[in-house]
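Chemist: test case, fold it:
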Amino acid sequence: MNSTHLCDIQYHRCVSTAQRLATLCFLGIIHVAHAAEIAPADTIPPTVSRKLPGDSVYQLSVPLVDQAAREFSLDRFRGKPLLVTMFYSHCPFVCPRIVESLKKTEAALPIAVRNKVPVLMVSFDIARDDPTALKALAVERHIDTNVWTLARSDAAHTRKLAAILGIQYRELGGGDFNHTSVLLLLDRDGRIVGKTFEIGGIDPAFVKLVAKTTARD
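Modeler: Residues are numbered from 1 along each chain as shown. Predicted coordinates for the structure are as follows:
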């Protein structure tokens, strides 16, 4: 066998081997792609987040600063139910009653879910409610800041947040505010699923809804 013929045989063998490898690789890619298409939802990596529903409060990007001067975004609470309201720390009458209603709502929840519902209180008094004032209120009212967050934003975002929550407020003379007094419940995706205007006391139907939403989520 001459050298030219031998080279031709080796060449064809190399080409044939390369073709087989290419075919196997292609079939492997098809198999992986097909497996990905039929993979059950619970195999999707947790880093892949679900799309927010259109009526989610978290569609609104709101920069906030808490009582410890930590910056965060409103959607930090996504993934669990949230109790939210708006207030101002120098409020002499209504806002302390809002705090009491939140505490009573917490205390009425089943023990299994009691500490699984964070509370967010956002001030609309941007002139006075800096982190120092918010921290002082937390101490004065014996608020557990491991579960509760007292926060503020800038004027524009405060108005936008109030609007999406359905809360009206207006600054009066002397640093006081006229405002809606309401507790709202958001689900894990930031949708408003319940509210109560029962301030100072406790709303059994609202407590039941909070417990049900928390147990489900």
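Chemist: nearest residue to Thr180 in space, please, no chain neighbours.
Modeler: Ile167 (4.6 Å; C-beta to C-beta, 6 or more residues apart in numbering). C-beta here means a position set from N, CA and C on the backbone, and glycine is covered the same way.
Chemist: hang on, isn't that neighbour packed against Asn178?
Modeler: No: between Ile167 and Asn178 there is no contact under C-beta atoms under 8 Å: 11.6 Å.
Chemist: more neighbours: these two, which one.
Modeler: Between Ile167 and Asn178, Ile167 has the larger neighbour count (other C-beta atoms under 10 Å), namely 19 against 10.
Chemist: secondary structure class for that one?
Modeler: coil (DSSP: H, G, I helix; E, B strand; the rest coil).
Chemist: contacts only, for it.
Modeler: 85-86, 179-180, 182 (C-beta atoms under 8 Å, 6 or more residues apart in numbering).
Chemist: pLDDT score assigned to it?
Modeler: Ile167 is assigned a pLDDT of 98 by the prediction.
Chemist: okay, helices next: where are they in the protein?
Modeler: 3-38, 94-108, 131-140, 155-165, 204-216 (DSSP state H).
Chemist: comparing those by mean pLDDT, which bottoms out?
Modeler: Across the helices of the chain, the lowest-scoring stretch is helix 3-38, with a mean of 41.
Chemist: and the residue lying closest to Trp148 once chain neighbours are set aside, how many neighbours does it have?
Modeler: Distance criterion C-beta to C-beta, 6+ apart; nearest residue to Trp148, sequence neighbours excluded, is Val119 at 4.3 Å. Per other C-beta under 10 Å, the neighbour tally for Val119 reads 22.
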